[in-house]
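> attaching a predicted model along with its sequence, questions to come.
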Amino acid sequence: MPKFGFYLKDVIPWSSQHGANYPGEDIGCELAWRRTEVAGESEVYMKCIQAGGPAALSGRLAVGDVIAEVNGADPCDKSSGSVKSLSSLLDGQQGAPVWLKTKKATDHSHVTLIRQHALNLSLAPSSGAPGGLGFSFVDRKAADFNAGVEVLITEIKPGGAIWLAGHDPANVGSPLVEGDVITHVDGRPTTGATADFKGPPFSRVLLTGRKGIDEEAFDLLIVRMVQLPQSSLGKVGEYMSAVASIPPAPPSDRVNRSAEIQMMAAPLINGLDIKQAAQVSFQNIHSPTFV
């Protein structure tokens with residue numbers, strides 16, 4: 001049975017209650033609803049992502065990702081297969097956080113976003129421009145003659161996908177650095193052409209290779225991005241600092257609601273003990289607004 005895609009605002013009377021806004025607008029994306037191949041079930045997915053918006057700046061969300069949770073809650077009502085009112089999950093003040101969890105086998109963590117207007121990109125991406133990874137390289141013959149060509153990274157470009165991934169609070173340092181070698185893209189040997197790495201913006205690609213220092217093998221999933229202009233990088237840094245100050249999961253995941261367990265010792269959560277973490281609310285977390 002084929003999948004059918006619909007805008008959420010076409011399924012529920014969005015405009016009557018929320019004006020012209022669509023679900024996800026204040027986090028720089030559009031969430032939509034579709035039936036699945038399983039009769040009676042539905043899912044919410046990432047229909048599109050806005051360059052320079054919070055979803056894009058996370059570096060971890062891709063077009064087509066299925067959203068498993070919004071702020072710790074399932075966005076779909078499994079009993080009827082219909083979409084819950086996303087207004088209660090997505091509505092909030094500018095500067096307040098939103099936690100999304102996607103249905104990916106490789107990542108079970110939440111992606112923390114802050115409600116903000118998208119960056120005012122001075123160099124707007126041209127329509128239909130392919131997304132890239134933001135690095136320079138030279139190609140060379142692989143040590144294994146039968147392996148063909150391998151790609152040696154010579155520069156990580158500020159504002160690109162790899163640079164952005166290195167600023168994600170969920171990562172420790174950049175996932176790739178100068179001197180690392182890429183041997184395969186999506187399971188195919190590299191050819192040394194830039195086309196190996198290009199694709200639709202906000203699509204995910206699998207890079208395979210080895211680290212330049214210790215030659216340790218790596219497999220890295222990364223989201224292709226629209227290159228951010230140099231003039232916007234200061235605002236990106238401010239946004240990343242704000243995200244890093246927020247607990248990495250919604251309150252329901254961070255704090256067990258049992259009073260007895262809450263009294264037990266627990267590890268710090270972004271510098272907060274478990275009682276302090278329980279008191280963190282959406283309204284009292286603020287960050288700089290994009291301009």
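Looks like it arrived, so ask away.

> just the mean pLDDT for the longest helix along the chain, thanks.
As assigned by DSSP state H, the longest helix anywhere in the chain is helix 233-244. Confidence over helix 233-244 (mean pLDDT, whole number) is 90.

> likewise stretch 177-190?
Here the average pLDDT along stretch 177-190 is 92.

> repeat that for stretch 201-210.
Throughout stretch 201-210, pLDDT has a mean value of 93.

> likewise stretch 251-269?
In this model, stretch 251-269 carries a mean pLDDT of 47.

> quick check: buried residues in the longest helix of the chain?
Within helix 233-244, the residues scored as buried using 16 or more other C-beta atoms under 10 Å are 233, 235-236, 239-240, 242-243. (Glycine included, C-beta is placed from N, CA and C.)

> same question for stretch 101-121.
In terms of neighbour count (16+ other C-beta under 10 Å), stretch 101-121 has its buried residues at 101-102, 110-119.

> so which residues of the stretch 51-200 of the chain form strands?
Chain-ordered strands for the stretch 51-200 of the chain, with DSSP state E, counting those that start in this stretch as the definition, fall at 66-70, 76-77, 82-83, 97-102, 111-114, 135-141, 149-156, 181-185, 188-189.

> name the helices or strands packed onto the longest one?
Think strand 149-156. If contacts are counted by 3 or more C-beta pairs under 8 Å, 6 or more residues apart in numbering; DSSP states H and E, strand 149-156 sits against strand 135-141, helix 161-166, strand 181-185.

> quick one: closest of those to residue 193.
Distance to residue 193, taken as C-beta to C-beta, is lowest for strand 135-141 among the helices and strands packed on strand 149-156, at 8.2 Å.

> quick one: residues in contact with that closest one.
The contact list for strand 135-141 (C-beta atoms under 8 Å, 6 or more residues apart in numbering) reads 148-157, 160, 162, 176, 182, 190, 192.

> of those residues, buried ones?
Restricting the contacts of strand 135-141 to buried positions leaves 150-153, 156-157, 160, 162, 176, 182, 190, with burial counted as 16+ other C-beta under 10 Å.

> from these, which is closest to residue 47?
Distances from residue 47 to these, taken as C-beta to C-beta, are shortest for residue 160 (24.0 Å).

> any idea how many residues pack against the nearest residue to that closest one once chain neighbours are set aside?
Using C-beta to C-beta, 6 or more residues apart in numbering and skipping residues adjacent in sequence, the residue nearest residue 160 is residue 134, 1.3 Å away. Close neighbours of residue 134, defined as other C-beta atoms under 10 Å, add up to 24.

> doesn't residue 161 make contact with residue 134?
Yes - here residue 134 lies in contact with residue 161, judged by C-beta atoms under 8 Å, at a distance of 5.0 Å.

> so what sits against both of these two?
Residues touching both residue 134 and residue 161 (C-beta under 8 Å, 6+ apart): residue 225.

> if we can go back for a sec, dump the strands of the stretch 51-200 of the chain into CSV; add distance to residue 199 as well.
As requested, the strands of the stretch 51-200 of the chain are arranged in CSV below (distance: least, C-beta to C-beta, whole Å):
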stretch, distance to residue 199
strand 66-70, 19
strand 76-77, 29
strand 82-83, 29
strand 97-102, 19
strand 111-114, 21
strand 135-141, 15
strand 149-156, 16
strand 181-185, 10
strand 188-189, 13
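
> do you know which of the ones you listed lies nearest residue 249?
Proximity to residue 249 (C-beta to C-beta) singles out strand 97-102 among the strands of the stretch 51-200 of the chain, at 6.4 Å.

> what sits against the residue lying closest to residue 223 once chain neighbours are set aside?
When the adjacent residues along the chain are set aside, residue 223 lies closest to residue 62, with 5.0 Å between them (C-beta to C-beta, 6+ apart). By C-beta under 8 Å, 6+ apart, the residues touching residue 62 are 46, 49, 202-204, 223.

> just the buried ones from the residues you listed?
46, 49, 202, 204, 223.

> what about the closest residue to residue 61 other than its chain neighbours, distance to residue 213?
Setting aside the residues directly before and after it, residue 61 is nearest to residue 55 in space (C-beta to C-beta, 6+ apart), at 4.9 Å. With the distance defined as C-beta to C-beta, to the nearest Å, residue 55 ends up 33 Å from residue 213.
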